[in-house]
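A.B. asks: return atomic coordinates for the entry below.
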Amino acid sequence: MSSQCLGPTLSQGRFLTERDQGRETRAVLVNAEFARAFSRTGLTLLGGRHQGLCGDGWSEIVGVVGNVLKDGLERDPQPAIYSLPDSGYAAFASEFTVVARTNGNPRALAGSLRSLVHGIDRSVAVDNVGALSDRLSASLGERRFSTGAMVAFAGLALALAMSGLFAVCPMT
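C.D. replies: Take a look at the predicted model:
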């Protein structure tokens, strides 16, 4: 990972690197919500070795990143742990999100992305391929509808108030 990728910003520590791959102690990043909840326990966050954060083995928290609102703008951020994939990771992870930057149509990249993922693990399903802008727009759909309905009813209330005032105090 680098600071140039689409994703959370680093607030403490460092990003994961290729040197972290295959270590006996798994290097992980945690989000700010995890750090906030974890700091209540009084244990060492950065650099501390912890049992069971990612599967059964030991993990070392090497960095803290900002929260990602992956469940939409209406939900509070949840504690999250980020790690580089290896053979043991898929045993407990049920869902992955992959973000790829392209200059063209993201759907045109879908076939190549599926081939790449299936080259690593044939049992992994690749679905919901689409543009990030479409996903953002869909996540804001309910909020846009509510705002539009509120504006419409406010306009109706204003029109009724104006007609009532005009009926009581006609302009001559």
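
A.B. asks: find the nearest non-adjacent residue to Val68, please.
C.D. replies: In space, and not counting its chain neighbours, Val68 is closest to Pro8: 5.4 Å by C-beta to C-beta, 6 or more residues apart in numbering. All C-beta atoms are positioned from the backbone trio N, CA, C, and that covers glycine.

A.B. asks: swap in Ala80?
C.D. replies: When the adjacent residues along the chain are set aside, Ala80 lies closest to Asn31, with 4.4 Å between them (C-beta to C-beta, 6+ apart).

A.B. asks: and if you look at Gln21?
C.D. replies: The spatial neighbour of Gln21 that comes closest, neighbours along the chain excluded (C-beta to C-beta, 6+ apart), is Leu84 at 5.4 Å.

A.B. asks: and the lengthiest strand in the chain, what other elements does it pack with?
C.D. replies: Using DSSP state E to define each element, the chain has its longest strand at strand 58-65. In this structure, strand 58-65 makes packing contacts with strand 10-13, strand 26-31, helix 32-39, strand 49-51, strand 81-83, judged by 3 or more C-beta pairs under 8 Å, 6 or more residues apart in numbering; DSSP states H and E.

A.B. asks: neighbours of Glu60, how many?
C.D. replies: 16 (other C-beta atoms under 10 Å).

A.B. asks: that should have said Asp76, apologies.
C.D. replies: 8.

A.B. asks: Arg40 now?
C.D. replies: Summarising burial for Arg40: neighbours were counted as other C-beta under 10 Å, giving 7.

A.B. asks: and Thr25, by the same measure?
C.D. replies: 12.

A.B. asks: isn't it up against Trp58?
C.D. replies: Yes. At 4.7 Å, Thr25 counts as touching Trp58 under the criterion of C-beta atoms under 8 Å.

A.B. asks: which residues are in contact with both of those two?
C.D. replies: The overlap between the contact sets of Thr25 and Trp58 (C-beta atoms under 8 Å, 6 or more residues apart in numbering) consists of Arg49.

A.B. asks: state the helix or strand in which Ala154 lies.
C.D. replies: For Ala154, the enclosing helix or strand under DSSP states H and E is helix 141-168.
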